[in-house]
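A.B. asks: Generate a structure from the sequence data that follows.
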Amino acid sequence: MELVKPYALQTGDRIGIVAPSMHIVDEQAVENGIATLQELGFGVELGPTVRAKYRNSTAVPEDRAREIMNFFIDPETKAIICLIGGDAASQILKLLDYKTIRNNPKIFSGMSDIGHLNLAFLAKAGIVSIYGPDLTFGFGADKNEPATKYNLNLFMKCCTLKEPLGKIPACTQWECWRPGKAIGRLVGGYLGAITHLYLTSYWPAFGETILFWETLETQPHEIERQFTIAEAEGFFNNVTGMVVGKLVNCEEMDYKGLLPDIREIILEITEEYGFPIIANTDFGHDITSMPMPEGILAQMDAEALSIELIEPIVK
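C.D. replies: Now for the predicted structure:
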């Protein structure tokens, strides 16, 4: 499927806030996020479920799906940003109208559980979305912190520049796990979403991909299990490179002292493929949240710790 890119954001544009997964957990962060978007020059409209609460989400799946679709078809809404992650985004996958989404491409940003939607949009609608800042922990973070400034600066460049972003600057120290160079389309996000959707119709199929992933509170043996099963089903056949984000609170507890670290586990599982790997990069459940645009052509040089976006994200 040919990629469809969203239109570039401009000062004065309206951004819609949706809650596809969990409810508000930090009211102050939400208010901070709205204020930050307004200070950046945008209007902000909250969807009808954002301040609601239902079970571990905000509303029944149909209402959450309708909220997203209404923003996609609204000509005055130029971008959509998710409230927060959670555990309920997968409930709305089958309720979305992907043809309508494809015909109304807009910047869409979120992370963690929202990764289910990022991947589904790419697979079903062919649209580029951003695995990146959400309202609560992205835009709602302290804007005086260097990491927040880094996040917002990159997000604005991704969403406003009609030319390739080029090399993504590092905010923290990245790591080379396996040297080499690669080119491919960025596909990935939260590890749970990746392994849940692989081999379903919601998984994007490309010739050559640079897989990016991160996770939170996932023990090494669980990471090993998920990737081992995926590998056996051909998951890495089209992967030319790997970018690993922040692995937060991923210490081994069940088999403490019995397993190697995550780096060694990943190198073992991918040994026969030999693709380059850059790790500890600036996205994930941490203070840095560099935008990772789904489907965009990129190239990497692991030894040089370089990731470069070689085509525009917006039009």
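
A.B. asks: ok, which stretches of the chain are helices?
C.D. replies: With DSSP state H as the criterion, the chain has helices at 27-39, 61-73, 98-103, 115-120, 146-160, 191-197, 220-232, 262-269.

A.B. asks: which parts of the longest one are buried?
C.D. replies: Neighbour counts over helix 146-160 (16 or more other C-beta atoms under 10 Å) mark 147, 148, 150, 151, 152, 154, 155, 158, 159 as buried. Backbone N, C-alpha and C define where each C-beta goes, glycine included.

A.B. asks: Out of these, which is nearest to residue 204?
C.D. replies: Distance to residue 204, by C-beta to C-beta, is smallest for residue 158 among those, at 18.8 Å.

A.B. asks: any idea how the chain splits into domains?
C.D. replies: Annotated domains of the chain cover 14-160, 166-309 [automatic domain parsing].

A.B. asks: Rebuild these as JSON lines, extending it with distance to residue 315 and mean pLDDT.
C.D. replies: Formatted as JSON lines, the domains of the chain follow (distance: least, C-beta to C-beta, whole Å; pLDDT from 0 to 100):
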{"stretch": "domain 14-160", "distance to residue 315": "9", "mean pLDDT": "98"}
{"stretch": "domain 166-309", "distance to residue 315": "12", "mean pLDDT": "98"}
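
A.B. asks: which of the ones you listed is buried the deepest?
C.D. replies: Stretch with highest mean neighbour count among the domains of the chain: domain 14-160 (a mean of 20; mean count of other C-beta atoms under 10 Å).

A.B. asks: Surely residue 76 is in contact with residue 16?
C.D. replies: No: look at residue 76 against residue 16 with C-beta atoms under 8 Å: they stay out of range, at 9.2 Å.

A.B. asks: Could you export the buried residues of helix 146-160 as a markdown table, including distance to residue 184?
C.D. replies: Below are these laid out as a markdown table (distance: C-beta to C-beta, whole Å):
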| residue | distance to residue 184 |
| --- | --- |
| 147 | 28 |
| 148 | 30 |
| 150 | 25 |
| 151 | 24 |
| 152 | 27 |
| 154 | 20 |
| 155 | 23 |
| 158 | 18 |
| 159 | 23 |
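
A.B. asks: Among the residues you listed, which pair sits farthest apart?
C.D. replies: 147 and 159 (18.7 Å).

A.B. asks: which ones are touching the residue nearest the centre of the chain?
C.D. replies: The geometric centre of the chain, computed from its C-alpha atoms, lies nearest to residue 131 (C-alpha atoms, centre = their mean), at 1.9 Å. Neighbouring residues of residue 131 by C-beta atoms under 8 Å, 6 or more residues apart in numbering: 109-111, 114-115, 118, 188-189, 212, 283, 291-294.

A.B. asks: Tell me what the residue lying closest to residue 208 once chain neighbours are set aside is bridged to.
C.D. replies: Once flanking residues are discounted, residue 208 sits nearest to residue 184: 4.0 Å by C-beta to C-beta, 6 or more residues apart in numbering. In this entry, residue 184 is beta-bridged to residue 298, by DSSP bridges.

A.B. asks: so residue 184 touches residue 209, yeah?
C.D. replies: Yes: counting by C-beta under 8 Å, residue 184 touches residue 209, with 4.7 Å between them.

A.B. asks: hey, what's in contact with both of those two?
C.D. replies: By C-beta under 8 Å, 6+ apart, the residues touching both residue 184 and residue 209 are 238, 239, 240.

A.B. asks: just these now: which is nearest residue 194?
C.D. replies: residue 239 (11.4 Å).

A.B. asks: nearest residue to the closest one other than its sequence neighbours?
C.D. replies: residue 211 (4.9 Å).

A.B. asks: List the residues that contact the one you found.
C.D. replies: Neighbouring residues of residue 211 by C-beta under 8 Å, 6+ apart: 187, 188, 194, 236, 239, 241, 242, 243.

A.B. asks: Try it again at 7 Å.
C.D. replies: Counting by C-beta atoms under 7 Å, 6 or more residues apart in numbering, residue 211 touches 187, 188, 239, 242.

A.B. asks: Now intersect those residues with the strands, please.
C.D. replies: Those of the contacts of residue 211 mapping onto strands are 187, 188, 239, 242, per DSSP state E.

A.B. asks: Distance to residue 22 added to those residues, as TSV?
C.D. replies: Listed next are these as TSV, based on distance: C-beta to C-beta, whole Å:
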residue	distance to residue 22
187	24
188	21
239	30
242	28
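
A.B. asks: could you dump the domains of the chain to TSV with distance to residue 4?
C.D. replies: As requested, the domains of the chain are arranged in TSV below (distance: least, C-beta to C-beta, whole Å):
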stretch	distance to residue 4
domain 14-160	5
domain 166-309	9
